[in-house]
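Novice: predicted model and sequence follow; I will ask about them next.
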Amino acid sequence: MNVQSAFNSGVEGFQKATESATQAASDIAHISHEHAAQFNVEDSAETEVKTSSIDTPNLNQSIVDLKVAEHQAKASANVIKTADEALGTLLDVSI
């Protein structure tokens with residue numbers, strides 16, 4: 001396996017993890033904002049219409065997605081570290 005492709009795979013995985021974490025955090029913030037807005041509206045019927053008409057993400061799923069992104073980032077960091085160590089070993093052997 002080419003060491004450069006291992007680096008690229010690690011970086012690509014880390015970028016995907018970052019994107020997933022950003023999306024999950026955004027969903028959690030959106031849910032929190034909507035939850036806070038429900039308590040600020042005095043008319044409960046108006047609140048019911050607002051919350052049912054907006055497609056809100058599931059809080060539990062967003063938290064799981066955030067945790068998955070964390071594990072994906074850790075795994076990608078390990079791939080990058082291993083590729084770096086392999087490159088170091090190759091340089092030590094060839095010099």
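Specialist: Alright, I've got the coordinates.

Novice: A83 and G10 touch, don't they?
Specialist: Yes: the pair A83 and G10 qualifies as a contact (Cβ atoms under 8 Å) at a distance of 6.2 Å. Any C-beta I mention is one placed from the backbone N, CA and C, and that applies to glycine too.

Novice: pull the helix or strand with minimum mean pLDDT from the protein.
Specialist: Least confident helix or strand, the chain: helix 44-53 with a mean of 50, by mean pLDDT, DSSP states H and E.

Novice: find the centremost residue of the protein, please.
Specialist: What sits nearest the mean C-alpha location of the chain, by Cα atoms, centre = their mean, is A21, with 1.9 Å.

Novice: quickly find the element holding the nearest residue to that one once chain neighbours are set aside.
Specialist: Distances taken as Cβ to Cβ, 6 or more residues apart in numbering place A69 nearest to A21, at 3.8 Å, with adjacent residues excluded. Using DSSP states H and E, A69 sits within helix 59-94.

Novice: tell me the gap between that helix and the middle of its chain.
Specialist: Centroid separation for helix 59-94 versus its chain: 14 Å, with Cα atoms, centre = their mean, to the nearest Å.

Novice: output the contacting helices and strands for that helix.
Specialist: Helix 59-94 is packed against helix 3-40, with contacts defined by 3 or more Cβ pairs under 8 Å, 6 or more residues apart in numbering; DSSP states H and E.

Novice: buried stuff in the helix it packs on?
Specialist: Neighbour-count burial for helix 3-40 flags 3, 6-7, 10, 13-14, 17, 20-21, 24, 27-28, 31 (criterion: 16 or more other Cβ atoms under 10 Å).

Novice: quick check: V79 touching A6?
Specialist: Yes: the criterion here is Cβ under 8 Å, and V79 meets it with A6 at 6.3 Å.
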